[in-house]
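Asks: Starting from these lines, generate the structure:
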Amino acid sequence: MSTARARANEDEAGFSSTVNDFFDTLMGDARPGQDARPDDRLIAGMQRARALLGLAAAVWLVLAYPLTAGRQDFILGKLFELAVSCVILLTASTIGIVTFLAAGTPDRRRDFTRRLLGPFASLLALALGPTVFWLSFKGLKGELLDGSDTTGFFAAIVGRGVLSALLGFLALAICWLLALALFLASIPYTLVVAYACIATCFRASDVHQLLPALLSPFLMWSLFVFQTVNGPDIAAPPEVLYTFLLGGPLTVTALSVWEVRRLRSRWGITLRGALGR
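Replies: Alright, predicted model coming up:
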């Protein structure tokens, strides 16, 4: 009786595990269970604390000192900086993933290749925003569809006359409203997805959990160089301004070093082990 019950429990546990694995894969969790990123709440808490402190410092700096240019130029500059961050991080992530693929053993190389779904999905999600923005903008200008197109379409079905013109006008109005909704939604969607791609390093942790800690400092120091060359947006004293500019890359670098050390000491995750060497 006990043996039969134990077997039934094992079968049930195996079925539940299979179902969980299926839903994890369906929802985009492509990381294998063998060396997936551990659920380390201290690491996550430190990252959130650093992000909140950085945001608070940026808000304080904007409120405490005047802008060197107008508000519109400041907002456009920050949007351009966000785009530059995406380009830098996409390039760095590509180089880091390719390096992992090249430096790993054949078994690990095949394993890393199977995990590329997450980075590709984040890239496609980011590309979707500007694409929808451009198409909806073209639609609002009437360059994708006009009244003659819709009227001609319905004229071929119901014949030419008042009915085809009315149906064509209604279809054109519906398409215009849909294009307007997509145009308005594509702007916040693109900003949120761009921030998410930067925060997750284009889901580089799906390939290996060490990659975000290795890529984040490169992004921050690249942005420091970009901001230094581009000139300050805030008319603050040099000691305040450069303390703020250096604070980001220094804290991110320190946090990344600590994260790598914690992953190695607490969870036994090392770069050598990741590459199978």
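Asks: what's the next secondary structure element after the lowest-mean-pLDDT helix or strand in the chain?
Replies: Among the helical and strand segments of the chain, the one scoring lowest on mean pLDDT, DSSP states H and E is helix 2-26, with a mean of 46. The helix or strand immediately downstream of helix 2-26 is helix 41-64, counting by DSSP states H and E.
Asks: what's the spacing between the host helix or strand of L184 and its chain's center?
Replies: Using DSSP H and E, L184 sits within helix 162-199. In terms of C-alpha atoms, centre = their mean, to the nearest Å, the centre of helix 162-199 is set 22 Å apart from its chain centre.
Asks: swap in stretch 130-137?
Replies: 19 Å.
Asks: Show me the shaky parts of the protein.
Replies: Along the chain, the model assigns pLDDT under 70 to residues 1-38.
Asks: In space, not sequence, find me the middle residue of it.
Replies: In the chain, the centroid-proximal residue (C-alpha atoms, centre = their mean) is C197; its distance is 1.6 Å.
Asks: Is that one in contact with L89, as I believe?
Replies: Yes. Between C197 and L89 there is a contact at 7.2 Å, judged by C-beta atoms under 8 Å. C-beta here means a position set from N, CA and C on the backbone, and glycine is covered the same way.
Asks: Please enumerate the helices of the stretch 101-250 of the chain.
Replies: With DSSP state H, counting those that start in this stretch, the ranges of helices along the stretch 101-250 of the chain come out as 106-114, 117-140, 147-158, 162-199, 211-230, 238-267.
Asks: The ones you listed: which one's closest to R277?
Replies: Evaluated over the helices of the stretch 101-250 of the chain, closeness to R277 peaks at helix 106-114, with 8.9 Å, by C-beta to C-beta.
Asks: For L90, which non-adjacent residue is spatially closest?
Replies: F202 (6.2 Å; C-beta to C-beta, 6 or more residues apart in numbering).
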